[in-house]
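**Student:** Structure for the following, please:
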Amino acid sequence: DAADLLRRAVDLAPQHPGVLNNLAILYVRLDRWKDAIDMMKRAAELAPDELGLLGNLAWALATSPDPKARDGAAAARIAEDLCRRTSQRHPQALDTLAAACAELGRFDEAASAARRAIDAARAAGANAYAEEIRLRLKLYESNRPYRQPRAAPTTSSPATTQAI
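**Tutor:** Here you go, the predicted model:
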């Protein structure tokens, strides 16, 4: 029902990035990653200065459990831009960069970005988030990328819980 309502909202306001992003987040929770990423791309095109929308897109491109939906190169480009725009100090931007680098097999860079993300999260008092990043760091140090769990509506991630 929610998806139907949000699709109707998109039909009524196809140029509203927030509506598109809400539908994208619902698609993630329904495990419809390709649809989610398509909505995120549309939202990001409409609002290229909305860092949260760009962060959602980069995270999904880097961590989707659907290999057909992932695009590590695009995720890395977006995440690098986010890190530049946030002066390399925003934990979600750095965490997203780490995930994108890992998706590309650049595990040393992923681990470095993850360590910086942990430091930034701790500096912001976000210790629980720092612990989440630390768990991903262990994957990168083992030369493995992070994958968002399938259809896990309560899973936290930079893409669905914390705007940049």
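**Student:** alpha carbons only for contacts and neighbour counts from here, please
**Tutor:** Will do.
**Student:** what sits against Arg115?
**Tutor:** 134, 137 (Cα atoms under 8 Å, 6 or more residues apart in numbering).
**Student:** Could you list the low-confidence segments of the protein?
**Tutor:** 1-3, 5-16, 151-164 (pLDDT under 70).
**Student:** tell me the helices in it, going along the chain?
**Tutor:** 2-12, 17-29, 33-46, 51-63, 72-85, 91-103, 107-123, 127-141, 158-161 (DSSP state H).
**Student:** among those, which is nearest Gln148?
**Tutor:** helix 51-63 (5.3 Å; Cα to Cα).
**Student:** before we move on, the earlier item: same list, the helices of the chain, but as TSV with distance to Arg150 please.
**Tutor:** Shown next, in TSV, are the helices of the chain (distance: least, Cα to Cα, whole Å):
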stretch	distance to Arg150
helix 2-12	18
helix 17-29	8
helix 33-46	9
helix 51-63	11
helix 72-85	18
helix 91-103	17
helix 107-123	22
helix 127-141	16
helix 158-161	14
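**Student:** now, of those, which is deepest in the fold?
**Tutor:** helix 91-103 (a mean of 32; mean count of other Cα atoms under 10 Å).
**Student:** contact partners of it?
**Tutor:** 55, 58-59, 61-63, 72-73, 75-76, 79-80, 82-83, 86, 88, 107, 109-114, 116-121, 133, 140, 143-146, 158, 162-164.
**Student:** Tell me the gap between that helix and the middle of its chain.
**Tutor:** 8 Å (Cα atoms, centre = their mean, to the nearest Å).
**Student:** Send me that helix as PDB with only the CA atoms.
**Tutor:** Coordinates of each C-alpha in helix 91-103 appear next as PDB, following Å, rounded to 0.1, in the frame of the first residue of the first chain:
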ATOM      1  CA  PRO A  91      31.700  10.200   9.000                       C
ATOM      2  CA  GLN A  92      28.900   9.100   6.600                       C
ATOM      3  CA  ALA A  93      30.800  10.500   3.600                       C
ATOM      4  CA  LEU A  94      34.000   8.700   4.600                       C
ATOM      5  CA  ASP A  95      32.100   5.500   5.400                       C
ATOM      6  CA  THR A  96      30.500   5.600   2.000                       C
ATOM      7  CA  LEU A  97      33.900   6.200   0.400                       C
ATOM      8  CA  ALA A  98      35.300   3.200   2.200                       C
ATOM      9  CA  ALA A  99      32.400   1.000   1.000                       C
ATOM     10  CA  ALA A 100      32.900   2.200  -2.600                       C
ATOM     11  CA  CYS A 101      36.600   1.600  -2.500                       C
ATOM     12  CA  ALA A 102      36.000  -1.900  -1.200                       C
ATOM     13  CA  GLU A 103      33.500  -2.600  -4.000                       C
END
